[in-house]
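Enquirer: I would like the atomic coordinates for the input below:
(chains A and B)
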Amino acid sequence: MSEAQDFVGREYDAGFVTDIESDTLPPGLNEDVIRHISVKKGEPDWLLHWRLQAFEHWQTMESPDWAHLNIAPIDYQSISYFSAPKSPKDAPQSLDEVDPKLLETYAKLGIPLREHAALAGVAVDAVFDSVSVATTFKGKLKDAGVIFCPISEAVRDYPELVQQYLGSVVPTSDNFFAALNSAVFTDGSFVFIPKGVRCPMELSTYFRINASNTGQFERTLIIAEERSYVSYLEGCTAPMRDENQLHAAVVELVVLEDAQIKYSTVQNWYPGDENGVGGIYNFVTKRAECRGARAKVSWTQVETGSAITWKYPSCVLLGESSVGEFYSVALTANCQQADTGTKMIHIGKNSRSTIISKGISAGRGQQSYRGLVRIGKQADHARNYTQCDSLILGDQCGAHTFPYIEVKNATATVEHEATTSKIGEDQLFYCMQRGISAEDAVGLIVNGFCKDVFKELPMEFAVEANRLMEVSLEGAVG
Amino acid sequence: MSLDAELLHKAVAQLHGSSVHHDLRQRAVEDLLTQGFPTTRDEHWKYSDCSPLLASLGARLYHDSHPVDDVEMARLVDVESYTLHFVDGVWDKERSDLPAGITVTSYTETTDLFAPDEESVLSQGFTSLNGALASGGVMVDVAEGLSLDRPLAMMHSSSGKVAHVRHQVRVGQASEVVLIEHFSGEGAHSGLTNVVTALHLSEGARVAHYRLQQEGLLQAHIGRLAVKQQRDSHYCSHLLTLGAAWSRVDVVISLADIGANCQLNGLYLLSGRQHGDHHIQIDHLAPHCQSDTHYRGVLDGRARAVFNGKVVVHKGAVKSHSTQSNANLLLSANAEVDTKPELEIYNDDVKCAHGSTTGRLDQQQLFYLQSRGLSESEARQLLTLAFVGEVMTRMNEPALRAYVQKGCFAKLPHPLDMNMEGFL
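Expert: As a prediction, the model looks like this:
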C-alpha cells in the first residue's frame, strides 16, 4: 500500500496564497466596523439599519452547541470583517483589466476563466475574497432579462428588489451565524430570473478565501419568478493556512409559481492537515422557499472540504404541489467533522420531497446526517422519501444519523431508510479477482455509492466531483 | 413547575431503609437538585412536555397522602403464572406465590442494591426522583441454571396515587425466564406511576420480558427499563403501551460482553388525547453483539406518539449487527407522530440499518378488500390488525400473545364482529 501512503501524505492541491494587497480592517467587531463596511460599499441607509439590527440581535445570541461537532471556542473579536482586493472603486470592466495574479490563481486551480467561460458556456461571477472581480456573459444574460451580479451591485442598481427579498427567507434573527452574516456580509451573488424566462446558461460562482485571518461572509439571493428556471453552480477551494478561518454564508432562494431553481455546490475548502490543524470552519445557512404552486427546488452538494461543516440546506414547501430535493455526498477524512443534512418543511398540499444523503467517513473523520422532515397539519397527501447511507472506511472514524420526523397529517406518507456499513469484502474480492487493484476497486465502489447524487450534478461539476472524490479518498483506504 | 427542594428533603427524611438506601437517596437528591426536571429544551424531552403533569401533581409528587382506595387486583386472563402483586408499588407479600429458585426481597429490606446506569442521560429528573423517593418495589433473584416453567408476573395495580417504584431483577447464569411486568388500575383521581426496573442478565441467561402498560386514562406513567447483558445472554422485550393519559418509557440496553443480543419489540396504540413517548438507547460495547428493534404504533383521535431509537456502536465493538425499524399508522386527521431513529457509530466493522415510516392505510389495499365484499370499516379493521400483527407474531408465548391480542382488539376503533380467533 505504498501508493496509498503517497496519497495520505499528499498535501492540499490548491494550497497557495496569492500575494495581493488587501484593504483590510483590523480585527474586531462593533458598530463602527459595520458602519465602515456599509460606507465602503456605498450602501443606502435602510441596509445599514438592517445590518445594525442584525448585529444588535446577534449580541444577544449564543453560539449553538447542539451539533455533533467538537469546536474550539471562536473569538469573534479576533477576526477581520472586511477585506477587499486593491482599488475597489475602479473595479475592472472586463477580464483584461483583472489583476493577472488573480487570474493566475484560477489557473492554478485548473479553472482557466476565459476558456472555462467560453467553452462551457458558463457565466462566472468570480468572488475573490469579498469583492467580485470579473463577471462574464453579462450581455447575453441581460438580453434574456436575467440579472446576475454581485449583491453589492444589486443593492445599488436594483434596490427595490433587494429590499423586498433580502432576509425574507432567512431573517436576520434566524440563527447565530445568519445574524452574524447579516451584520457583516460583504459580498455574494444576486440572481433574478423574470417571469417565464429560462436562464440561457448555467450560472456559476467561484468562491475563494484569500487574505489571511479574514472570515468570509457571503450573502446569496436568488429569485425565480413565475415559470422561470435557473441552474446555479457554486464551487470553492481555499489556500492552505494554519489558522482556522471562519466562513458563515447565507443563501436565500425564492421560488414562485411553476419556477425551478437547481442549486449545486462543490465545496473543497482547506480541511486542515492530518492532525486537524487549520482548516475552514464552514457554518452555512441555506434555505429555499417554494412560495408558489408547483415550485421546485433542488439542492445538490458535494462536501469534501472544510475542517468543520455545519450546513443544512432547507426547503420550505409552501406552495401546493411544490417539490423539494436534496442530494448530498459528504466526505470526512483526517480530522474533519461534518454535521450536515437538510430540512423539508411541508406546508402546501401535495408537496413532495426527496432526500438522498451519502456520507463517507475515513481516517478520524466524524460525520453526522441531521435532517428534519416536518409534515404540517395542512399538508394533505404530502410525500417524503429519505435515504441516508454511510460508508465507513477505517476504525477510527464515526458515522452518525439523527433524523427528525414530525408528522401532523394522516394523509402524508413519510419513509426514512438508513444504512451504515463498510465496503463489502465480497465486492472488493470480486473486483480484485478481475484484476482491478484494491485502490481502484475502492474507487469504483465509492463512485457507485455516490452515483445517485453525482447524476444530479450538472456535467461540469460531475467531472470535478469525481476528481475530488478520487483525490480525497484514495489515500484514506487501507 | 420547578423542583421544590424543601418538600423533597422532607419526603426523603421520612423514608426508611438501610445506609445503602440512604447513600443512594442522597446521591439522587443531589443529582435532582443540580439538573431539575426536564423541559422541552432538553433534547430527549423535545416532544414531551412534563410541566403540566408536574403542575397538576404539585406536592403529591413528593409525598402523596391520599388514602389508598380499594383496588381490584389485576389478573392476566388465561395466563398461568407465578405472581407478585403490587398495590401502588408496594409488594403484597401475603398474596404472592413463588417457585423454588426465585428469591424476592422488598426493596426497602434488601441491602444488595445495584444502580441502573445512572450516568445515562435519557431519563434525567424522574429517575433521580425515583432514586430519592422509591419506597416500593422488589429485588428478584433468579438462581443459576433455572428454567422456569411458567412466567413470573409482577402485577401492579394503581389506585391513583403517586408511586415511585424500583425493581431489580438479577437472572443467574444460563437461566431462562419469562418475566411479565403488568401495570393497571383505574383510579378515581390522576396519579403517577414512576417505575425504574433494572435487569441484569448473567452469562448465557435468556429472558423474555413482557412489559404491558394498561393503566387508566387518568394516570400518568413514567418508566425506565435498564438492562445490562453479559456474555452470550439473550434478551427479548415485548413492550405494550395501551393505557395512561401521558406516558413515557425509556429503554436502555447495554450489550456489555461478547455475543450478547437483544430483540426489542414494541407496540403502542393510542387514542383520544393520549401521549405516548418511547425512548430507546442500545449501547454496543463489545464485539459480536446484535440488536433488533421493531416498534409499531397506531394513532387515533388527537393522540401523539414520540419514538426515539438510538443505537450506539462504541469503539472496539466490531462485528456489530443492528437493525431498527419504526412504523406508524395514523388513523385520524389530528394524530401526530414525532420519530427519530438515530445511529451513532464509531467503528468500521459493523452492519447497521434503520428505517421509519409514517402514513395511513393503503387506499389500494382498502379498495381490494372492499371489492371482495368487506365493508369499509371491516377492511380498515383488518388492515390495522395486520399492521399490529407484525409485532405480535414475534411473541413466542401463545397465551401471552392471545392476551395482548385481546387488549389491542379492544383498544382499536369499531371493534370487529368477525371472529378473529387464531387471527395470527
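Enquirer: the residue in chain B positioned nearest to chain A pairs with what?
Expert: Per CB to the nearest CB, residue B:330 is where chain B lies closest to chain A, at 3.7 Å. Using the backbone N, CA and C atoms, a C-beta is placed for each residue, glycine as well. Residues in a beta bridge with residue B:330, per DSSP bridges, are residue B:299.
Enquirer: doesn't residue A:410 make contact with it?
Expert: Yes: with contact defined as CB atoms under 8 Å, residue B:330 reaches residue A:410; the gap is 3.7 Å.
Enquirer: what's around the residue of chain B closest to chain A, how many residues?
Expert: 25 (other CB atoms under 10 Å in any protein chain shown).
Enquirer: same check, this time on the one 10 residues further on
Expert: Burial of residue B:340, expressed as a neighbour count using other CB under 10 Å, amounts to 25.
Enquirer: and the one 4 residues further on, by the same measure?
Expert: Residues contacting residue B:344 under the criterion other CB under 10 Å number 22.
Enquirer: please save the CA atoms from the host helix or strand of it in CSV.
Expert: Per DSSP states H and E, residue B:344 falls inside strand B:336-345. In CSV, the C-alpha atoms belonging to strand B:336-345 read as follows (Å, rounded to 0.1, in the frame of the first residue of the first chain):
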residue,chain,number,x,y,z
GLU,B,336,-49.3,13.2,15.4
VAL,B,337,-46.1,11.3,15.3
ASP,B,338,-42.6,12.5,16.0
THR,B,339,-40.0,9.9,15.3
LYS,B,340,-36.2,10.0,15.4
PRO,B,341,-34.3,6.8,14.7
GLU,B,342,-30.6,7.6,15.4
LEU,B,343,-27.3,5.8,14.7
GLU,B,344,-24.0,6.7,16.3
ILE,B,345,-21.2,4.6,15.0
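Enquirer: name every strand pairing with that strand and say which way it goes.
Expert: Strand pairing for strand B:336-345, determined by DSSP bridges: strand A:398-407 (antiparallel), strand B:304-313 (parallel).
Enquirer: show the average pLDDT along the first one.
Expert: So that's strand A:398-407. For strand A:398-407, mean pLDDT is 93.
Enquirer: what stretches of chain B score poorly on pLDDT?
Expert: Filtered on pLDDT under 70, chain B yields the residue ranges B:1, B:68-69, B:114-123, B:187-188, B:414-424.
Enquirer: so which residues of it form helices?
Expert: B:5-13, B:19-35, B:51-57, B:125-133, B:363-371, B:376-392, B:398-411 (DSSP state H).
Enquirer: export the ones you listed to a markdown table and tack on mean neighbour count and distance to chain A?
Expert: Below are the helices of chain B laid out as a markdown table (neighbours: other CB atoms under 10 Å in any protein chain shown; distance: least, CB to the nearest CB, whole Å):
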| stretch | mean neighbour count | distance to chain A |
| --- | --- | --- |
| helix B:5-13 | 14 | 28 |
| helix B:19-35 | 16 | 17 |
| helix B:51-57 | 15 | 20 |
| helix B:125-133 | 24 | 20 |
| helix B:363-371 | 13 | 10 |
| helix B:376-392 | 18 | 12 |
| helix B:398-411 | 18 | 18 |
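Enquirer: residue A:267 contacts residue A:304, correct?
Expert: Yes: counting by CB under 8 Å, residue A:267 touches residue A:304, with 6.9 Å between them.
Enquirer: please name the bridge partners of the spatially most central residue of chain A.
Expert: Centroid-nearest residue in chain A, with CA atoms, centre = their mean: residue A:265, separated by 5.2 Å. Residue A:265 forms beta bridges with residue A:234, residue A:301, as assigned by DSSP bridges.
Enquirer: enumerate every residue touching it.
Expert: A:233-236, A:299-303 (CB atoms under 8 Å, 6 or more residues apart in numbering or on different chains).
Enquirer: distance of residue A:393 from residue A:417?
Expert: Taking CB to CB, to the nearest Å as the measure, residue A:393 and residue A:417 are separated by 21 Å.
Enquirer: more neighbours: which of the two?
Expert: Taking neighbours as other CB under 10 Å, residue A:393 and residue A:417 compare with residue A:393 leading, 23 against 17.
Enquirer: how far away is the closest residue to the more buried one other than its chain neighbours from residue A:302?
Expert: Nearest residue to residue A:393, sequence neighbours excluded (CB to CB, 6 or more residues apart in numbering or on different chains): residue A:362, at 4.1 Å. Per CB to CB, residue A:362 is found 15 Å from residue A:302.
Enquirer: out of these two, which sits in the more crowded spot?
Expert: residue A:302 (28 against 25).
Enquirer: pLDDT at the more buried one, what is it?
Expert: 89.
Enquirer: go on, the one 3 residues further on?
Expert: Model confidence at residue A:305, given as pLDDT, is 82.
Enquirer: over to the one 10 residues further on?
Expert: We note a pLDDT of 96 for residue A:315 in this prediction.
Enquirer: ok, it - contacts?
Expert: A:287-290, A:297, A:299, A:324-326, A:342-345, A:353.
Enquirer: dump these to JSON lines, plus secondary structure and pLDDT.
Expert: As requested, these are exported to JSON lines (DSSP: H, G, I helix; E, B strand; the rest coil; pLDDT from 0 to 100):
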{"residue": "A:287", "secondary structure": "strand", "pLDDT": "96"}
{"residue": "A:288", "secondary structure": "strand", "pLDDT": "96"}
{"residue": "A:289", "secondary structure": "strand", "pLDDT": "96"}
{"residue": "A:290", "secondary structure": "strand", "pLDDT": "96"}
{"residue": "A:297", "secondary structure": "strand", "pLDDT": "96"}
{"residue": "A:299", "secondary structure": "strand", "pLDDT": "96"}
{"residue": "A:324", "secondary structure": "strand", "pLDDT": "96"}
{"residue": "A:325", "secondary structure": "strand", "pLDDT": "96"}
{"residue": "A:326", "secondary structure": "strand", "pLDDT": "96"}
{"residue": "A:342", "secondary structure": "coil", "pLDDT": "95"}
{"residue": "A:343", "secondary structure": "strand", "pLDDT": "95"}
{"residue": "A:344", "secondary structure": "strand", "pLDDT": "96"}
{"residue": "A:345", "secondary structure": "strand", "pLDDT": "96"}
{"residue": "A:353", "secondary structure": "strand", "pLDDT": "96"}
